[in-house]
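Novice: Requesting a structural model of the entry that follows:
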Amino acid sequence: MRHFDLVIIGTGSGNSIPNEAMAGWQIAILEKGTFGGTCLNVGCIPTKMFVHTADQAAAPANAKKLGVDAHTDAIHWPEIRDRIFNRIDPIAEGGRNWRANENPNVTVYEGTATFVNENTISTGTGETITADRVVIAAGSRPSIPDIADLDTTAYHTSDTIMRLDELPKSLIIVGSGFIASEFAHVFSSFGVKVTVIARSNLLLRHEDLEIAERFTEIAKQKWDVRLQRKTTRAEKTGTGVRLHLEGPNGEETVEAEQLLIATGRRPNTDLLDVAKAGIELHADGRIKVDEFQRTSQPHIHALGDISSEHQLKHVANHEAKVVQHNLLNPGNPRKSDHRFVPAAVFSNPQIASVGLTEEQARERGIRYVTSSQAYASIAYGWAMEDTTGFAKLLADPATGQLIGAHILGPQASTVIQPLIQAMSFGLDARSMAQGQYWIHPAMPELVENALLNLPLD
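Specialist: Residues are numbered from 1 along each chain as shown. Coordinates of the predicted model:
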C-alpha cells in the first residue's frame, strides 16, 4: 500500500495547493471527473462566456430607445458552444497532463475516492493509499428535487445544458436562484421561449428584499415566470417535456422542448464515505471545518463547496491559500476571512451584493441606516436610459461603517468593488465619499451619491 505525505481530493481550487515548497513531498491528487472542477468546466467560466454572448445578442433590442435601429440576424448555437468549450476543454486536459506528467512528486488517480479510515483512501482505481495529511476539495453537484417520473424524463442540469446539440425553441427552468436566473437570461437572449418555475413568491429570494422584488418584476416582463408553484410530475411528450404544477390557482401544466433543473447544488460528501474517517458534517451534508479549515480530524482539511456555505469560486480560492499556508506552516496557521464575501448574479440586470441584507440586519437587532441611489439619477445612467437599476447601502449610523451593499443594474459586479474594499479595510462612508475623486461622468458616481445620501449621525 503506497503512502503519501499529502492527498488532495478534487482538482478545482484544491489543484492550486501543491507548490515549489512541497517539491520534496509525495503528493497524490484524486479526481473523479474532469480536471479543473466546477468553475472551469460547468460553472463560472463557461456560463459567463455564454452570458457575455447573450448580452451582445440582446443589445440590439435595447438600442431603439437610444435612437438606433439594430437587430440580431441569427444565433449560431454550435459556433457559440464550440468557441467556449474549444477553449475550456484543452485547459482542463492540459491541467491534467501537467500534473500527471510534469510533476515528478505528484501521482494522479482518476476515480471516485472513498475513505476507508481517517488515513486510508480507496482511489477508485483499484488501489488503496494512505496519507499523513488530506485535503478534501471535492466540490458539489446539482441537487435534483423529488418530482414524480423525473428520472424517466429527459432533463438537463447546469452540468449538461451548455453542451446541447441544438438550440431549443422553448425551455422550462425549474428553480429561482442565480443558476436559474443566469440561464434564463442566456437562452431568452438567444430567442428561446423561457418559462421559470419557482416554489417561492420571488426570484433570488436570498437577496435583499428590494433587490429580489425589483428583479422579479423585471423578469416577469421577459420570461413566463410562474411563482409559488410546486412541480408534482414530469412526463415526456412527442416534442419534449410536460410538467404538472400545483399553485395558487390549482393545477396546471407547462410544456417545452427542453427542461433544465436548476434547484441548487449539494456537497459531494456522500460520495466519499467521510463517516468512515470520523469527519463531522453539518445537517445539510457539508463538512464541518474550523477557522483554519481543519475538519474534526486535525490532519484533514476541507475547502470550497464541500464545506463552505458560500458556493463561490473566489471563496474556494481564498480557502485553498489558507490551507496551503497551514500545511506548510502548522505552527503558525492562518484563519480564513469570511467577513465580507461578495457575490454576483450575471443575469440581466446584473446583481451584486456584499454584507448584510436589510432583513438580516433587522433580525439581528443591528442599528442601521440605508440609502438608495438610482442609475437614472446619474449622468451615465442617463446615457444608458436605465430606469430600473439602483444601489442600496446599509451603514452603522454612528461610525459610518458599511454593513451591507446591494446593486442591481449594468455592471453591478464591477461597480460594487470599491464598497467591498471599504468594508474589508474599515473605510467609513464619509471618508470614502469625500476623501477621493470620483470620475465624472462615470458609473461609480452611483456609489458616491449613495454614500453621500446615508443619513449618518
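
Novice: The residue sitting nearest the centre point of the chain and Leu303, how far apart?
Specialist: In the chain, the residue lying closest to the centroid (CA atoms, centre = their mean) is Leu312, at 4.8 Å. For Leu312, the distance to Leu303 equals 12 Å [CB to CB, to the nearest Å]. Any C-beta I mention is one placed from the backbone N, CA and C, and that applies to glycine too.

Novice: Val116 now?
Specialist: The spacing between Val116 and Leu303, counted by CB to CB, is 22 Å.

Novice: Comparing the two, which residue is more hemmed in?
Specialist: More crowded of Val116 and Leu303, by other CB atoms under 10 Å: Leu303, with 31 against 14.

Novice: Number of residues surrounding the nearest residue in space to the more buried one that is not next to it in sequence?
Specialist: Closest residue to Leu303 apart from its sequence neighbours, by CB to CB, 6 or more residues apart in numbering: Glu319 at 3.8 Å. Glu319: 25 surrounding residues under other CB under 10 Å.

Novice: Check His406 too.
Specialist: Residues lying near His406 (other CB under 10 Å) number 28.

Novice: Asp457 too?
Specialist: Neighbours of Asp457 under the rule other CB under 10 Å: 9.

Novice: That one against Ala398, yeah?
Specialist: Yes. The criterion here is CB atoms under 8 Å, and Asp457 meets it with Ala398 at 5.3 Å.

Novice: which strands and helices sit next to the host helix or strand of Val322?
Specialist: Using DSSP states H and E, Val322 sits within helix 313-328. Counting contacts by 3 or more CB pairs under 8 Å, 6 or more residues apart in numbering; DSSP states H and E, helix 313-328 is packed against helix 37-41, strand 128-136, strand 300-302.

Novice: Can you redo the ones you listed as CSV, where the extra columns are mean neighbour count?
Specialist: Compiled in CSV, the helices and strands packed on helix 313-328 are given as follows (neighbours: other CB atoms under 10 Å):
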stretch, mean neighbour count
helix 37-41, 23
strand 128-136, 21
strand 300-302, 28
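
Novice: would you list every one of the helices in the chain?
Specialist: For the chain, the helices defined by DSSP state H cover 37-41, 44-63, 77-102, 178-189, 209-222, 313-328, 358-363, 379-384, 412-415, 417-425, 429-434, 445-452.

Novice: got those helices as JSON lines, with mean pLDDT columns?
Specialist: Output for the helices of the chain, formatted as JSON lines (pLDDT from 0 to 100):
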{"stretch": "helix 37-41", "mean pLDDT": "97"}
{"stretch": "helix 44-63", "mean pLDDT": "97"}
{"stretch": "helix 77-102", "mean pLDDT": "97"}
{"stretch": "helix 178-189", "mean pLDDT": "98"}
{"stretch": "helix 209-222", "mean pLDDT": "98"}
{"stretch": "helix 313-328", "mean pLDDT": "98"}
{"stretch": "helix 358-363", "mean pLDDT": "98"}
{"stretch": "helix 379-384", "mean pLDDT": "97"}
{"stretch": "helix 412-415", "mean pLDDT": "98"}
{"stretch": "helix 417-425", "mean pLDDT": "98"}
{"stretch": "helix 429-434", "mean pLDDT": "97"}
{"stretch": "helix 445-452", "mean pLDDT": "98"}
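
Novice: With distance to Pro145 as extra columns, can I get those helices in JSON lines?
Specialist: JSON lines is the format used below for the helices of the chain (distance: least, CB to CB, whole Å):
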{"stretch": "helix 37-41", "distance to Pro145": "20"}
{"stretch": "helix 44-63", "distance to Pro145": "21"}
{"stretch": "helix 77-102", "distance to Pro145": "27"}
{"stretch": "helix 178-189", "distance to Pro145": "12"}
{"stretch": "helix 209-222", "distance to Pro145": "21"}
{"stretch": "helix 313-328", "distance to Pro145": "25"}
{"stretch": "helix 358-363", "distance to Pro145": "25"}
{"stretch": "helix 379-384", "distance to Pro145": "38"}
{"stretch": "helix 412-415", "distance to Pro145": "29"}
{"stretch": "helix 417-425", "distance to Pro145": "33"}
{"stretch": "helix 429-434", "distance to Pro145": "42"}
{"stretch": "helix 445-452", "distance to Pro145": "38"}
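
Novice: Understood, closing this out.
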